[in-house]
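Novice: Let's see this in three dimensions:
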Amino acid sequence: MRLAKFIEYLRNRLPLVIKLSLAVLALLIVADAIPAIVHKEHHAHTALEKLPGFWSVFGFIGCVLIILVSKWYGHAGIMKQEDYYDE
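Specialist: Sure thing, here's the model as predicted:
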């Protein structure tokens, strides 16, 4: 029950939650761009890995592709109409 109250609390303050989430995201991007915090030169296998936020963008594109392929696959034959057996 406490979780439901917490979710309702966050819903009532949605603009603040969005601003805080964007601020945390911005801080993570800035921290990723500072070489003293994240040493990329020694562990990077390609030149793209040295770019700030590369793995974040790569992961986001991967998630979008998984969603799009899953939706296509679902509409291509897995999902059936409710009257499938009536035909």
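Novice: ok, how many other residues are close to Gln81?
Specialist: 8 (other Cβ atoms under 10 Å). Any C-beta I mention is one placed from the backbone N, CA and C, and that applies to glycine too.
Novice: my bad, Lys71
Specialist: By other Cβ under 10 Å, 11 other residues sit near Lys71.
Novice: So which elements touch the helix or strand harbouring it?
Specialist: Following DSSP states H and E, one finds Lys71 within helix 54-73. Contacting helix 54-73 under the criterion 3 or more Cβ pairs under 8 Å, 6 or more residues apart in numbering; DSSP states H and E is no other helix or strand.
Novice: Helix 54-73 and the helix or strand of the chain with the lowest mean pLDDT, what's the angle between them?
Specialist: Lowest mean confidence among the helices and strands of the chain (mean pLDDT, DSSP states H and E): helix 14-33, at a mean of 89. Counting by axes from the mean of the first three to the mean of the last three Cα atoms, to 10 degrees, helix 14-33 lies at 130 degrees to helix 54-73.
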